[in-house]
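Asker: Sequence first, predicted model second:
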Amino acid sequence: MDSEVSPVAQAADLRARLNRAAYQYYTLDAPEIPDAEYDRLFQQLQALEAAHPELSTPDSPTQRVGAGIADSLRPVRHALPMLSIRTETDTTPQGARTFDQRVRDWLAAEQRRTQLKAGEERLRAEPLTPEAVAILAGAPVDYVAEPKFDGLAINLRYEHGVLVQAATRGDGETGEDVTHNIRTIGQIPLRLTGAAPPVLEVRGEVYMRNDDFEALNERMRQRIAVGDKAARTFVNPRNAAAGAVRQLDPSIAAQRRLSFFAYGVGEVTPATGGGPNWHTHWQILQALKDWGFPVSALARQAQGADELIAFHAGVAAQRDSLPFDIDGVVYKVDALALQRELGFVTREPRWAVAHKYPAQEQLTTVQSIDVQVGRTGKLTPVAKLAPVFVGGATVTNATLHNELEARRKDVRVGDTVIVRRAGDVIPEVVSVLLEKRPDGAPEFAMPAHCPVCGSDVLREEGEADHRCTGGLFCPAQRKQALLHFAGRRAMDIEGVGEKLVEQLVDGSIVHSLPDLYRLGFVGLAALDRMAEKSAQNLIEALEKSKQTTLARFLYALGIRHVGESTAKDLAQHFGTLDAVVNANADQLLQVPDVGPVVAQSIRTFFAQSHNREVVEQLRAVGITWPEGAPTAGASLPLTGKTIVLTGALPTLSRDEAKALLEAAGAKVSGSVSKKTSYVVAGEEAGSKLDKARELGVPVLDEAGMRAMLK
């Protein structure tokens, strides 16, 4: 913020921005800035008011908890305020130690006050609790550590064990009556199990599981696709859950499959000792479970700062695999007497803190949209961003996944966007702030030609991804093409692995598949980790691979959708490579198991002049195979039979046995079903043999298989 602006104007501006953000977030359930941006503005205002106390006003966001009340829901005044807790600004594990030290410092300050003259009536004279005395003597503080859920805080009021009211936090003093929606949440008991106090208020978080959120957005996308103008997708699970809780129609909440975690209590009568036999917060959590409430299994008791730090790190390691969103953890002093000793400061309890993780969402701008080509030819639009620190790292790129996703989110160059990063997940654009879009920003469109090699770009029917069709020619696909070509089930070139391919491609030694066969002994021996013996072995393996089969060669080309089985069917049906290259769609569809998608993929591959040129060069370097008349329709001994191999055969490897069976016309499957003709079983045959016996499928040994082949 401009230092020349007066503190009065700065405070007024910050209050206005924070109040607007809170209104959008809480009242409209349509957040316009990420949480991290709100926290940053809030901390600026806190610092400004601390430096200039005269600027602190009753209507400042620092003096209240939440936002206003929606006109459509009946207001509910809380018997005990629902105050928010302080957020630790240090998102590193050290933040836990800072909180622990702050608790000790506050207790030490209380002790100093008790030691002052008792005659000064403005100061307390009663002694500290035994727990506080022990801590000041060096004992560790006992805490309860819990996850910080990203949902909507709710107060549930039970009278004589029956749910009578549910209310949102609202502004902390007054919330909204949402009982009709809360009753739709199956995890919230309508009647408590076991004995309960005459009045019990349970506090917790309504949230939406990630799988339920994805299912909800998928339903919304389907409605949008058929023209439902009332349908819209949601930015995050918290937004979807909050919107459901505050609807007038409870069927909406029921459809969104909300969930709930309990984490504390409000009013409890009788309140002797803080609750029925309660001395610690941990006892309250156990009582909540006994009454039928879900309490997070991640909650732990912890002693001292070191165990808080371990909890913070442990939950962080699980965060991305949790079925729900959290944005940090919460530490609470366990002893209720010690909580009362520590008390409150302004709007926050001294005995609790929220220790967040690095922000996973931030604001930034889109500087350009580039298209990257992956190893398999997939084209991915990537937003190039103004650098922003999010999720513990500086982010400059965010994936847009594909053209359909980029158009659905309507991301354009110059846009201000919310970017999300969770752990090691690739950063993505969550949404666009349309009100900040520059005039004339063009809509994104996928290029018609590969930005790397210039080949045609194709999106197959029923698929979301665009792909480059220059598989054998495209430099972006070079490493993948080489590894696939040299694979054991393809050309079977022993010694060609990932590290060698990286050296050959990164060193500009190999530019296309035929270059493999032009490698010289001297050049290979000069490569890292390539001794003379290894170089000689590779030369021999390359020479040996030149004698192959049409089926292996077709598979080695890496044509999309053409696996081993399809390559064998093509070779058997057409007999020659030229026949495959020149086949039209109708001719390809005559091959068993070749449908329209596979036929189109084959036609598209050979329609690219680059690919045909590479094939001709491979033949020119000496790769050959037996060619003959097509065998389509020919009767082979095992034509129409499906055979499963299991266990170790005495003289044949699994691949050798499979090759013999397929040469005789059989289809070799990996699973046993009623359609299986035979199971060939060797030593240590497992569940497949059991399944065959259960279904009555004939079982053969190796000798029986050989006899059948004759």
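Answerer: Arrived safely, thanks for sending.
Asker: and after the helix or strand where Val597 lies, which helix or strand comes next?
Answerer: Assigned by DSSP states H and E, Val597 belongs to helix 596-607. Moving toward the C-terminus from helix 596-607, the next helix or strand (DSSP H and E) is helix 609-620.
Asker: related to what we said a few turns ago, tell me which residues of the helix holding Val597 come out buried.
Answerer: By neighbour count on 16 or more other C-beta atoms under 10 Å, the buried set for helix 596-607 is 598-602, 604-606. The way it works is simple: take the backbone N, C-alpha and C, and place the C-beta from them, glycine included.
Asker: before we move on, what about stretch 562-580?
Answerer: By neighbour count with 16+ other C-beta under 10 Å, stretch 562-580 contains the buried residues 562, 566-575, 577, 579-580.
Asker: Also stretch 192-201?
Answerer: Buried residues in stretch 192-201, counted by 16+ other C-beta under 10 Å: 192, 196-197, 199-201.
Asker: quick one: contacts of it?
Answerer: Stretch 192-201 is contacted from outside by 79-80, 155-162, 265-270, 275-276, 290-292, using C-beta atoms under 8 Å, 6 or more residues apart in numbering.
Asker: Are any of these buried, and if so which?
Answerer: Buried subset of these (neighbour count, 16+ other C-beta under 10 Å): 155-158, 161, 265-266, 268, 275-276, 291-292.
Asker: Now the two most distant members of those.
Answerer: Pairwise distances across the buried ones among the contacts of stretch 192-201 peak at 18.8 Å for Asn155 and Pro276 (criterion: C-beta to C-beta).
Asker: Now do the contacts for Gly462.
Answerer: Neighbours of Gly462 in contact, by C-beta under 8 Å, 6+ apart: Val597.
Asker: I meant to write Leu550 there.
Answerer: Contacts for Leu550 (C-beta under 8 Å, 6+ apart) come out as 571, 575-577, 625-627.
Asker: of those, closest to Val371?
Answerer: For the contacts of Leu550, the minimum distance to Val371 (C-beta to C-beta) is 33.0 Å, reached by Leu577.
Asker: Skip the chain neighbours and tell me the closest residue to that closest one.
Answerer: Excluding its sequence neighbours, the residue lying closest to Leu577 (C-beta to C-beta, 6 or more residues apart in numbering) is Leu550, at 6.2 Å.
Asker: Kindly provide the distance from the one you found to Tyr517.
Answerer: 18 Å (C-beta to C-beta, to the nearest Å).
Asker: Okay, helices next: where are they in the stretch 1-150 of the chain?
Answerer: Assigned by DSSP state H, counting those that start in this stretch, the stretch 1-150 of the chain shows helices spanning 7-22, 35-51, 94-114, 130-136.
Asker: go on, the stretch 451-600 of the chain?
Answerer: Here the stretch 451-600 of the chain has its helices, by DSSP H, counting those that start in this stretch, at 478-486, 498-506, 513-516, 521-525, 532-545, 550-556, 564-574, 577-582, 585-588, 596-607.
Asker: Ok, which of those comes nearest Ala445?
Answerer: Nearest to Ala445 among these is helix 596-607 (20.7 Å), distances taken as C-beta to C-beta.
Asker: average pLDDT for the closest one?
Answerer: In this model, helix 596-607 has a mean pLDDT of 91.
Asker: what about dumping the CA coordinates of it to CSV?
Answerer: Listed next in CSV are the C-alpha coordinates belonging to helix 596-607 (Å, rounded to 0.1, in the frame of the first residue of the first chain):
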residue,chain,number,x,y,z
PRO,A,596,-13.9,-47.2,-36.3
VAL,A,597,-11.7,-45.5,-33.8
VAL,A,598,-8.7,-47.9,-34.4
ALA,A,599,-9.2,-47.8,-38.1
GLN,A,600,-9.2,-43.9,-38.1
SER,A,601,-6.1,-43.9,-36.0
ILE,A,602,-4.2,-46.2,-38.5
ARG,A,603,-5.4,-44.1,-41.4
THR,A,604,-4.4,-40.8,-39.7
PHE,A,605,-0.9,-42.2,-38.9
PHE,A,606,0.0,-43.3,-42.4
ALA,A,607,-1.6,-40.2,-43.9
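Asker: what residues are up against Val103?
Answerer: Counting by C-beta under 8 Å, 6+ apart, Val103 makes contact with 135, 141, 333, 342, 350-351.
Asker: and if we set it to 7 Å?
Answerer: Residues near Val103 by C-beta atoms under 7 Å, 6 or more residues apart in numbering: 141, 333, 342.
Asker: Look up phi and psi at the closest residue to the second one other than its chain neighbours.
Answerer: Read that as Val333. The shortest distance from Val333 to any non-neighbouring residue, by C-beta to C-beta, 6+ apart, is to Trp351 (3.9 Å). For Trp351, the backbone dihedrals (degrees, to the nearest 10) come out as phi -90, psi 10.
Asker: Test my guess that Trp351 contacts Gln339.
Answerer: Yes. Using C-beta atoms under 7 Å, Trp351 makes contact with Gln339 at a distance of 4.3 Å.
Asker: Overlap of the contact sets of those two?
Answerer: Counting by C-beta under 7 Å, 6+ apart, the contacts common to Trp351 and Gln339 are Val333.
Asker: between those two, which one's more packed in?
Answerer: Trp351 (25 against 20; other C-beta atoms under 10 Å).
Asker: Helix, strand or coil: sort out Ile154 for me.
Answerer: Per DSSP: H, G, I helix; E, B strand; the rest coil, the secondary structure class of Ile154 is strand.
Asker: Kindly state the beta-bridge partners for it.
Answerer: Using DSSP bridges, the bridge partners assigned to Ile154 are Thr168, Gly204.
Asker: ok, it - contacts?
Answerer: Each residue near Ile154 by C-beta under 7 Å, 6+ apart is listed here: 166, 168, 182, 204, 206.
Asker: what does Glu403 give?
Answerer: Going by C-beta under 7 Å, 6+ apart, Glu403 touches 381, 446, 466.
Asker: Kindly report the same for Thr396.
Answerer: By C-beta under 7 Å, 6+ apart, the neighbours of Thr396 are 384-385, 387.
Asker: I'd like the distance between it and Thr365.
Answerer: Taking C-beta to C-beta as the measure, Thr396 falls 12 Å from Thr365.
Asker: Overlap in contacts, the two.
Answerer: Shared contacts of Thr396 and Thr365, defined by C-beta under 7 Å, 6+ apart, comprise Leu385.
Asker: Perfect, that will be all.
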